[in-house]
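**Student:** Please work out how this folds:
(one chain, ligands or ions: 4)
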Amino acid sequence: TVAEEYPSSAALFDGSFAVRQEEEIERLKELEQAFAREEFCIYLQPKYRQRDGHAEVAGAEALVRWVHPGRGLVPPGEFIPLCERTGLIRQLDLLVFEKVCLLLKRWAEQGLAEVPVSVNVSRQHMKTAHFLDSYRDILQRTGVDAHRLELELTENVLFTTREIGEARDLIERIHQLGMHCSLDDFGAGYSSLGLLKDLPVDTLKLDRQFFADSLHSPRSQAVVRSILSLARALEIESVAEGIEEEGQAAFLWEAGCDLIQGYLYAPPLPTAAFESLLPPANN
Ligand code: C2E
Ligand code: MG
Ligand code: MG
Ligand code: MG
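**Tutor:** Ligands and ions are numbered 1, 2, ... in the order given. The predicted model follows:
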């Protein structure tokens, strides 16, 4: 309803804004408790590459989950917006990043394959001053090999950055820390191929909106093909997200997509389940 979309105008007519505010405060209390009780964990969704005709695990994306005492596993879509409105997102992103660093350390010690892991960074968080300092601190404190980490920035973030130069600086600073940088949800908003000219990202994640028609139409096939070939020409790694069907994967492998991430191969998994998919190192 309009009232839900415009709470401040609704407040002129009834008390719904006040009610919503109360609800928000309740939810915020619950969320703060979740931080205090350490109720967040990470799931890892494998990214696959094609080798010798079969798909093998080549990396993962870390996705946060809230293990709620009453509601079970809560997906990020249900609490990240509130985190973003209240500034808690910074704490959340750093918590996830640190968990991933510790995990990579443990894999190295246990002799598991050193696959890279990507971590999402919220736009609200990225806009804050010196936001990379905390990442540098965590890298130093955990002593992890930064080359195995990738920060996923959404295209949206970069697009609204006032100067494209700011976005470029940011990516360069991520590189200086030794990490890789990917452009997430490419194609979900007002993507511009011009971004690829100006931004030295390492990886392009094609949003699943590209595959909404299962790649049945020649038009969407042509668009995906040309983006993949552009990525290749720019030496940018390509990842297709949200792949659910065999036919989509067959098309993407044939079109030269580097990595596929989607329910077809695996959903986000608890870390132990992901580890069981990893081959030993130097295999
Ligand atoms: P994202 O970064 O684009 O992550 C991919 C989302 O697509 C994940 O949803 C994943 O579970 C889902 N997905 C993967 N394969 C498929 C598929 O085949 N079909 C469908 N329908 N969906 C698929 P999830 O885990 O619910 O996360 C949603 C979003 O929440 C993420 O989108 C990301 O923007 C955000 N997010 C997750 N973890 C974090 C975090 O630690 N920090 C921040 N700032 N954002 C996070
Ligand atoms: Mg992502
Ligand atoms: Mg994405
Ligand atoms: Mg997405």
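
**Student:** As a check, name the ranges of all helices in the stretch 1-150 of the chain.
**Tutor:** 2-5, 7-10, 16-36, 80-86, 89-110, 123-126, 131-142 (DSSP state H, counting those that start in this stretch).

**Student:** Nearest to ligand 1, out of the ones you listed?
**Tutor:** Closest to ligand 1 of those, according to CB to the nearest ligand atom: helix 89-110, at 3.8 Å. In this view, the C-beta of every residue, glycine as well, is placed from N, C-alpha and C.

**Student:** Can you confirm whether the closest one lies near ligand 2?
**Tutor:** No. Using CB under 5 Å from the ion, helix 89-110 stays clear of ligand 2, with a minimum separation of 11.2 Å.

**Student:** Touching that helix from outside, list them.
**Tutor:** 35, 40-42, 62, 64, 80, 83, 113-114, 117, 119-122, 124-125, 128, 131, 134-135, 138-139, 142-145, 148-149, 271, 275, 278 (CB atoms under 8 Å, 6 or more residues apart in numbering).

**Student:** The nearest residue to Thr128 once chain neighbours are set aside: neighbouring residues, count only.
**Tutor:** In space, Thr128 comes closest to Arg90 once its chain neighbours are excluded; the distance is 6.6 Å by CB to CB, 6 or more residues apart in numbering. Arg90: 18 surrounding residues under other CB atoms under 10 Å.

**Student:** swap in Phe40?
**Tutor:** 19.

**Student:** What's opposite the closest residue to Ser182 other than its chain neighbours in the beta bridge?
**Tutor:** Spatial nearest neighbour of Ser182, chain neighbours left out: Thr203 (3.6 Å); criterion: CB to CB, 6+ apart. As for beta bridges, Thr203 partners with Ser182, Glu237 under DSSP bridges.

**Student:** which ones are touching the most centrally placed residue in the chain?
**Tutor:** Against the mean C-alpha coordinate of the chain, by CA atoms, centre = their mean, the closest residue is Asn120 at 3.7 Å. Going by CB under 8 Å, 6+ apart, Asn120 touches 61-63, 93, 96, 152, 184.

**Student:** Return only those of those residues found close to ligand 1.
**Tutor:** 63, 93, 96, 152, 184 (CB under 6 Å from any ligand atom).

**Student:** Return the member of these nearest to Glu246.
**Tutor:** Distance to Glu246, by CB to CB, is smallest for Leu63 among the ones next to ligand 1 among the contacts of Asn120, at 23.5 Å.

**Student:** Is the closest one in contact with Ile42, as I believe?
**Tutor:** Yes. Between Leu63 and Ile42 there is a contact at 6.8 Å, judged by CB atoms under 8 Å.

**Student:** out of those two, which sits in the more crowded spot?
**Tutor:** Ile42 (22 against 18).

**Student:** what sits against the closest residue to that one other than its chain neighbours?
**Tutor:** If the residues on either side of it in the chain are set aside, Ile42 comes closest to Ala62, at 4.7 Å by CB to CB, 6+ apart. Ala62 is in contact with 42-44, 96, 99-100, 117-120, counting by CB under 8 Å, 6+ apart.

**Student:** if you set the cut-off to 7 Å instead, what comes out?
**Tutor:** 42, 44, 96, 100, 117-119 (CB atoms under 7 Å, 6 or more residues apart in numbering).
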